[in-house]
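> Okay, structure incoming, though there's no sequence with it:
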DNA sequence: AGATTGGCTTTTGTCTACAGTTTACCGAGC
DNA sequence: GCTCGGTAAACTGTAGACAAAAGCCAATCT
């Protein structure tokens, strides 16, 4: 009975610094997604290390991870280069995202309980409010949280991990476009919640597929002008 | 005119040692998939380093990569542990595999040319021969090559990368079961080729789905006795 | 004048060393 | 007999140093 008198929330995990490589990883990811590091740019380990105030080793480890996740290309004996996004690759990413998210929606419709549905509605309300305020960053963040919640309700950890990878990369391309699609997107989210609540697997799949395909189309329309 | 007098084949790429971390990575992956390193086992960096005749650093980098790909669990300040496969996780992996492979089959049906179909038939013949010979390892390898070829014909690089990750992990669980399913599996492959050659997207999707689902069922039947 | 070769600089790849943290063990006290 | 505290060992996390490979520029030879 160790946990007898311990109220759960009061011990806030004793905020540890955590491994340096993690923080370096997040810092670099931030720099890449915000375009502070431009695509194709050559990343010199010692520069990054000096700039972040750490040694080269954590930087190396962070770069390795970024490499496996597709953010940087690691050419042997030559170093790391920020990945250059292709139009073709963006389309493929969005296609795969559609596939994964649609399956997640189906599984969520099959498995979700009332608590999960309530959580989705809460996020949806938050997102709509953010749209009304014109807070683009919050809209994007809430959108990600919504999709992550659907993924959680699907209950497939492997699927969730893959989708998380894909989603982060998608968001890189997607963020500039978020503004255009704001309102319609959350209407579709409402439709998705309805399908999930009705335990309509086919319906949820189709709604999510249409939703993400819609996003993909929007992305392609944006670039021509 | 540098390459004037150099016959192409005679210079066999000058077998470069390649980055150490790569070789360490492959060595560890081999040790894990062959169960020389048992699930749940604690991997000590210095031990591995000494055993492989290298320093700790390449080992660390290899472990990081194995971590992101789900082969080992990397607990902070405690080290690396060989991932312990759960029944639930195996099922989830096979489910995701079904999803990815089915989509690949659809895209292959949409995009494949006659050359690609010929390559598939060739692999299929090779696989059937391997089954006849009872060469399990070759069966598994050829099966992987067949699915990889379908993935290649689909022409979606992102999808291929994800599927490659999933497939490698699936093969870990799957290899012991390969013997049971030998013959029937290649009959289904033939059906898949037919659907792709007919450019029947829906048909190819369904054949592949049935094929991989069949594999999943076989896996679950095996473990109860 | 062009191409090539040589050396020089930069950057990566690897190794060794040190500090911090966690875990396990062992003894003392209740 | 059980629990608590302290000590010690082992391992990870990080830093710094050294060697090797790749790219670049200039000088030289054809």
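Okay, I see it. These numbers were taken from a predicted model, which means no experiment stands behind them.

> residue ranges with poor pLDDT in chain A?
A:1-18, A:178-179, A:222-225 (pLDDT under 70).

> residue boundaries of the helices in it?
A:20-33, A:45-52, A:56-68, A:87-111, A:114-133, A:136-154, A:157-174, A:178-197, A:201-223 (DSSP state H).

> For residue B:103, find the nearest of those.
Closest of the helices of chain A to residue B:103 is helix A:87-111, at 5.3 Å (criterion: C-beta to C-beta). Yep, even glycine has a C-beta here, placed from its N, CA and C like the rest.

> which residues does the nearest residue to residue A:74 once chain neighbours are set aside contact?
Setting aside the residues directly before and after it, residue A:74 is nearest to residue A:67 in space (C-beta to C-beta, 6 or more residues apart in numbering or on different chains), at 4.2 Å. Residue A:67 is in contact with A:73-74, A:80, counting by C-beta atoms under 8 Å, 6 or more residues apart in numbering or on different chains.

> how about 10 Å then?
Counting by C-beta atoms under 10 Å, 6 or more residues apart in numbering or on different chains, residue A:67 makes contact with A:73-75, A:80, A:83, B:65, B:68.

> Residue A:160 now?
A:100, A:104, A:148, A:150-152, A:154, A:167, B:92, B:96.

> Max pairwise distance over the residues you listed: which two?
Spanning the widest gap among the contacts of residue A:160 are A:167 and B:92, at 17.9 Å by C-beta to C-beta.

> Could you dump the contacts of residue A:160 into a markdown table with distance to DNA strand D added?
Shown next, in a markdown table, are the contacts of residue A:160 (distance: C-beta to the nearest atom of the strand, whole Å):
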| residue | distance to DNA strand D |
| --- | --- |
| A:100 | 30 |
| A:104 | 32 |
| A:148 | 26 |
| A:150 | 32 |
| A:151 | 28 |
| A:152 | 27 |
| A:154 | 31 |
| A:167 | 27 |
| B:92 | 27 |
| B:96 | 29 |
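
> Now for the contacts of residue A:67: which two are most distant?
Across the contacts of residue A:67 (C-beta to C-beta), the longest gap, 19.0 Å, separates A:75 and B:68.

> The two - which one has more neighbours?
residue B:68 (17 against 11; other C-beta atoms under 10 Å in any protein chain shown).

> how about the nearest residue to that one, chain neighbours excluded?
That would be residue A:68: by C-beta to C-beta, 6+ apart, it lies 4.8 Å from residue B:68.

> try residue A:60
residue A:45 (6.2 Å).

> domain parsing for chain A?
With domains defined by automatic domain parsing, chain A comprises A:20-82, A:87-223.

> Compute the first-to-last residue distance for the first one.
So that's domain A:20-82. 21 Å (C-alpha to C-alpha, to the nearest Å).

> so how many other residues sit close to residue A:199?
Using other C-beta under 10 Å: residue A:199 sits among 13 other residues.

> One more: residue A:155?
17.

> Tell me who's in contact with it.
A:104, A:107-108, A:110-112, A:116, B:88, B:92.

> And residue A:50, how close does it get to residue A:44?
Relative to residue A:44, residue A:50 is positioned 9 Å away (C-beta to C-beta, to the nearest Å).

> what touches both of the two?
Joint contacts of residue A:50 and residue A:44 (C-beta under 10 Å, 6+ apart) are A:56, A:59.

> pretty sure residue A:197 contacts residue A:153?
No. Contact criterion C-beta atoms under 10 Å: residue A:197 and residue A:153 do not qualify, at 11.3 Å.

> who's more crowded, these two?
Neighbours were counted for residue A:197 and for residue A:153 using other C-beta under 10 Å; residue A:153 has more, 22 against 17.

> So that one is in contact with residue A:114, correct?
No. Counting by C-beta under 10 Å, residue A:153 stays clear of residue A:114, with 11.3 Å between them.

> can you pull the contacts of the closest residue to DNA strand C within chain A?
Nearest residue of chain A to DNA strand C: residue A:79, at 2.9 Å (C-beta to the nearest atom of the strand). Neighbour list for residue A:79: A:42-45, A:63, A:72-73 [criterion: C-beta under 10 Å, 6+ apart].

> Show me which of the residues you listed is closest to residue A:21.
Among the contacts of residue A:79, and counting by C-beta to C-beta, the member closest to residue A:21 is residue A:63, at 9.6 Å.

> ok, the closest one - how many residues close by?
23.

> Kindly provide the distance from the nearest residue to it once chain neighbours are set aside to residue A:133.
Spatial nearest neighbour of residue A:63, chain neighbours left out: residue A:80 (4.8 Å); criterion: C-beta to C-beta, 6+ apart. Residue A:80 sits 38 Å away from residue A:133, going by C-beta to C-beta.

> Comparing these two, which shows the higher neighbour count?
Taking neighbours as other C-beta under 10 Å, residue A:80 and residue A:133 compare with residue A:80 leading, 24 against 10.

> which bits of chain A sit near DNA strand D?
Along chain A, the residues adjacent to DNA strand D under the rule C-beta under 7 Å from any atom of the strand are A:19-21, A:54-58, A:77-78.

> residues from chain A in reach of DNA strand C?
Neighbours of DNA strand C within chain A, by C-beta under 7 Å from any atom of the strand: A:16, A:42-46, A:56-57, A:60, A:76-80.

> Can you redo those residues as CSV, where the extra columns are distance to residue A:214?
Output for these, formatted as CSV (distance: C-beta to C-beta, whole Å):
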residue, distance to residue A:214
A:16, 42
A:42, 37
A:43, 35
A:44, 41
A:45, 41
A:46, 45
A:56, 44
A:57, 44
A:60, 41
A:76, 41
A:77, 44
A:78, 40
A:79, 39
A:80, 35
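
> got a winner among those for most neighbours?
For the residues of chain A next to DNA strand C, the largest number of neighbours (other C-beta under 10 Å) sits with residue A:80, at 24 neighbours.

> ok, for residue A:54, nearest residue in space, not its chain neighbours?
Nearest non-adjacent residue to residue A:54, counting by C-beta to C-beta, 6+ apart: residue A:20, 5.7 Å away.

> Please determine how far the one you found is located from residue A:55.
Taking C-beta to C-beta, one finds residue A:20 at 8 Å from residue A:55.

> related to what we said a few turns ago, which of the contacts of residue A:155 are buried? Put it as a PyMOL command.
Typed into PyMOL, the line below selects the buried ones among these, using 16 or more other C-beta atoms under 10 Å in any protein chain shown:
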select buried, (chain A and resi 104+107+108+112+116) or (chain B and resi 92)
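
> Thank you kindly, that will do.
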